[in-house]
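*Asks:* Attaching a predicted model along with its sequence, questions to come.
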Amino acid sequence: MTGRPPTGGGGPDAPAGCPVAHGGADGPTRLYGLAAASDPLGIYARLRKEHGPVAPVLLEGDVPAWLVLGYRENRRVLDNPLQFSRDSRIWRDWKEGRVEETSPLIQMLGWRPDCVSQDGEPHRRLRAAVTDNLHVASGRGIRRHVTHFANKQIDAFADAGGADLVAQYAEYLPMLVLTRLFGLPEGEGRRLAESCAQVIKGGAEALEHNERIMEILGELAERKREEPGPDFATGLLEHHAALDGDELVQHLRLVLITAHTTTSNLLARVLEKVLTDTSRLSGLVSGQLNISSVVEEVMWNTPPLAVLPGRFATADLELGGHRVREGDLLVLGLAAGNLDPEIRPDVGVSVHGNQSHLAFSGGPHECPGQNIGQAIIETAVDVLLHRLPGLRLAVEPEELTSTASTWESRLDRLPVEFAA
């Protein structure tokens with residue numbers, strides 16, 4: 001992305017009509033900081049009550065944005081790229097120098113030569129390379145890879161009689177599988193998992209961790225040019241879309257970060273759901289309950305990405321009763337949309353068989369790796385339940401805590417006990 005030198009974050013001098021001008025006497029709500037980290041759902045509910053299905057918010061650095069809270073409004077934005085573009089080069093606050101190039105937001109919102117940063121024909125060309133090769137990867141014994149690495153992870157704590165299934169299982173297992181699919185050395189898995197988590201979390205270290213990821217993936221691309229193999233990286237290199245060097249590395253980055261962070265978060269949440277409900281746990285162990293129904297419920301109630309970055313208005317328009325200006329940033333409240341009382345007046349009603357949630361995004365940019373994520377989670381849960389007899393939660397369910405960043409809410413720990 002290019003633009004003039006930054007002149008500071010949005011504030012009282014922000015142009016009339018941008019989100020920062022609509023926040024009321026106290027200004028827009030921050031989606032970062034201690035309050036946002038501890039009670040994101042409470043913030044979404046309050047914003048919905050005060051502003052309706054779309055609300056003005058501030059992101060890190062007090063950068064203004066519209067948070068889309070309503071289910072129907074989210075669908076409208078996701079399904080209409082001509083009105084709501086993914087191309088951040090039209091982002092007015094960036095173009096006018098109010099967003100620093102070193103802002104952690106750039107790791108999530110900045111333009112890159114990848115399929116999620118573009119629309120139309122450029123998007124279709126690049127996405128074809130990703131979807132075609134994810135389809136190939138999903139048919140290459142992915143459940144066998146998950147079983148291998150799941151058993152390896154469990155071996156490290158199986159004799160202890162207890163473990164933290166976040167830190168010792170969910171946080172790293174998806175990345176270990178991805179290293180195999182990408183053609184990366186297994187030893188890179190832990191470093192890459194930590195760096196991916198930091199990029200999503202944001203903060204001062206996001207840029208440094210992104211550079212680490214890019215260095216590792218750049219070396220992978222060079223190696224695969226010389227030593228092609230049956231892996232995702234080689235598939236991108238050889239695809240008829242003819243990705244150039246920058247496009248290749250950026251798509252490796254995109255898939256690695258997105259697939260690992262969302263799948264590890266979702267795996268932890270599914271395990272939480274299973275272990276805090278003994279009837280679900282016994283049903284899974286006995287084979288009377290299918291894990292896919294639990295995954296579906298979690299997708300509705302605690303999607304792995306709570307807020308999706310980002311879309312940019314291509315013209316002045318109205319959304320959810322607010323005037324959105326050309327170049328405004330919109331971030332999509334997937335968790336808030338899934339809990340919208342307009343479509344779910346009773347959250348306790350079963351959502352079994354209803355796959356119309358927002359967890360995979362939607363429209364032209366809908367997540368293309370859904371089947372791989374599902375396979376990882378289903379296999380990981382199955383292996384765990386069969387390896388650890390007497391598995392149970394080691395604390396009361398109300399003692400479990402989560403910490404949120406702008407984009408996601410992650411379970412802090414999941415302590416369990418079992419027969420050693």
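*Replies:* Yep, it's here. This is a predicted model, so every value here is computed, not measured.

*Asks:* C-alpha from now on. contacts and neighbour counts both.
*Replies:* OK.

*Asks:* Return the per-residue confidence for N151.
*Replies:* The predicted structure scores N151 at 98 on the pLDDT scale.

*Asks:* contacting residues for it?
*Replies:* By CA atoms under 8 Å, 6 or more residues apart in numbering, the contact set of N151 is V383.

*Asks:* name the element it belongs to?
*Replies:* Following DSSP states H and E, one finds N151 within helix 142-155.

*Asks:* What of N74?
*Replies:* Following DSSP H and E, one finds N74 within helix 71-79.

*Asks:* and if you look at A163?
*Replies:* With DSSP H and E as the criterion, A163 is inside strand 162-164.

*Asks:* Tell me the spacing between the residue nearest the centre of the chain and S361.
*Replies:* For the chain, L305 is the residue whose C-alpha lies nearest the centre (CA atoms, centre = their mean; 3.9 Å). Going from L305 to S361 by CA to CA, to the nearest Å gives 9 Å.

*Asks:* Common neighbours of these two, please.
*Replies:* Both L305 and S361 are in contact with L334, where contact means CA under 8 Å, 6+ apart.

*Asks:* for the longest helix that the chain contains, which positions count as buried?
*Replies:* For the chain, the helix with the greatest residue count under DSSP state H is helix 245-275. Using 16 or more other CA atoms under 10 Å as the test for burial, helix 245-275 gives 247-275.

*Asks:* Which strands or helices does the helix or strand following that helix pack on?
*Replies:* Later in the chain than helix 245-275, the nearest helix or strand by DSSP H and E is helix 278-286. Contacts defined by 3 or more CA pairs under 8 Å, 6 or more residues apart in numbering; DSSP states H and E place helix 278-286 against helix 245-275.

*Asks:* Quick one: work out the angle between the helix it packs on and helix 278-286.
*Replies:* 110 degrees (axes from the mean of the first three to the mean of the last three CA atoms, to 10 degrees).

*Asks:* Let me see the mean pLDDT of helix 245-275.
*Replies:* Mean predicted confidence for helix 245-275 is 96.

*Asks:* What segments of the stretch 251-400 of the chain are strands?
*Replies:* Assigned by DSSP state E, counting those that start in this stretch, the stretch 251-400 of the chain shows strands spanning 307-313, 317-319, 322-324, 329-333, 392-393.

*Asks:* Identify, out of the ones you listed, the most deeply packed stretch.
*Replies:* Comparing the strands of the stretch 251-400 of the chain by mean neighbour count (mean count of other CA atoms under 10 Å), strand 329-333 ranks first with a mean of 28.

*Asks:* Now for the closest residue to Y71 other than its chain neighbours, how many residues are close by?
*Replies:* Excluding its sequence neighbours, the residue lying closest to Y71 (CA to CA, 6 or more residues apart in numbering) is G337, at 4.1 Å. If you count neighbours by other CA atoms under 10 Å, G337 ends up with 29.

*Asks:* so which helix or strand takes in E219?
*Replies:* helix 206-226.

*Asks:* picking up where we left off before, for the longest helix of the chain, the distance to its chain's centre please.
*Replies:* From the chain centre to the centre of helix 245-275 is a distance of 7 Å (CA atoms, centre = their mean, to the nearest Å).

*Asks:* Alright, that wraps it up for me.
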